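[1] got a predicted structure plus its sequence, pasted below:
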Amino acid sequence: MSSHADESGKKMGMWLFLYTEIILFGGLFVLYAVYFSRYTSDFIEGGKGLSLIFGVVNTIILLISSFAVAAAITAIQRGQKKIVLSAIAGCLGCGAIFLVNKYFEWGHKIALGIYPNSDRLLDGPDGLNMFFGLYYIITGLHGLHIVIGMTFLAVSFGFVLVGRVTAKRFALLENAGLYWHLVDLIWIFIFPLFYLVV
Amino acid sequence: MENKDHIFAYKTLFYVLLVLLILTSITVGISLVDMGKLNVWLALGIASVKASLVLMVFMHLKFEGRVLIISFLSTIFFLAIMIGFTFWDIGFR
């Protein structure tokens, strides 16, 4: 029966899940937009407090990782197992670098006394408190998605390695890839919202 | 570019990556010039173009059937309702 597995049904299921993710982050972006319109000057000040370099580097890393996953799908369709494995490994490496960057970025902010409920934010303007509250919620939730995506891809890596994901049956890898691209998609919007507000 | 088996050539994927990186540098460049409200719209516009490229090529939406395309567009439609109605409320308070 395994030869009759419903590959397109599995993919449809993944997309349905991705729709709920779009609405989840969409809701947070709406929250951001509403407070941006209310506290525009505070949000601009908050945005200037974030390191543009970290934002740009992490954007480039995620775009490259998405390319690697897309290349892995092309490779599995062509049955080039070695390329699949190295592309997934490259993507996992990119994810790890992203998280390390995030660690330094958050660590630096926390060292400056900017974290949820910190005295500095509570005593400062309301808008700035809102901005950094949303910054930690949205980038934190996104970071969690990076960790889940990496786990999903690592499992797919193992399945490709032992030959359970092949050119004929690769829905698992495809779904892990779709999830990873969604994480990239969300970052594409987080980046201008937080790092490019002027 | 691609064949009937719905496979994107590595070259195509790489070109898309290059375009995404170029768009990233453009959006950073634009953000350094203060144009008021226009900055926000340009940043969101470029982000939408980047998102479309990732969806169409990296996520193979270009190859998908009608069910996926319609369900995806419905999601975006509901997202637009959520954003639109929220601002309708905020704007007239």
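    Cool, got the structure.

[2] which one's the longest helix in the chain?
    By default, I'm working from chain A. Determined from DSSP state H, the single longest helix within chain A is helix A:126-161.

[3] try again with chain B
    helix B:66-91.

[4] picking up where we left off before, just the mean pLDDT for the longest helix of chain A, thanks.
    Helix A:126-161 carries an average pLDDT of 97.

[5] next secondary structure after it?
    helix A:171-190 (DSSP states H and E).

[6] so, in contact with chain B or not, that following helix?
    Yes: interface with chain B: helix A:171-190 contributes A:177-178, A:181, A:184-185, A:188-189 (C-beta under 8 Å from any C-beta of the partner chain). C-beta: built from backbone N, CA, C; applies to glycine.

[7] ok so, going back, gap between the longest helix of chain B and the chain center?
    Centre-to-centre, helix B:66-91 and its host chain are 14 Å apart (C-alpha atoms, centre = their mean, to the nearest Å).

[8] now check it, is it near chain A?
    Yes: residues of helix B:66-91 are located near chain A by C-beta under 8 Å from any C-beta, namely B:67-68, B:71-72, B:75-76, B:78-79, B:82-83, B:86-87, B:90.

[9] just the buried members of the residues you listed?
    The neighbour count (16 or more other C-beta atoms under 10 Å in any protein chain shown) marks B:68, B:72, B:75, B:79, B:83 as buried among the residues of helix B:66-91 next to chain A.

[10] excluding residues flanking it in the chain, which one is nearest the first one?
    The reference is to B:Leu68. A:Trp15 (5.9 Å; C-beta to C-beta, 6 or more residues apart in numbering or on different chains).

[11] which SSE is the one you found in?
    Counting by DSSP H and E, A:Trp15 is part of helix A:7-38.

[12] for that helix, buried residues please.
    A:11-12, A:14-15, A:18-19, A:21-22, A:25-26, A:28-36.

[13] which strands or helices does that helix pack on?
    Under the contact criterion of 3 or more C-beta pairs under 8 Å, 6 or more residues apart in numbering or on different chains; DSSP states H and E, helix A:7-38 touches helix A:126-161, helix A:171-190, helix B:66-91.
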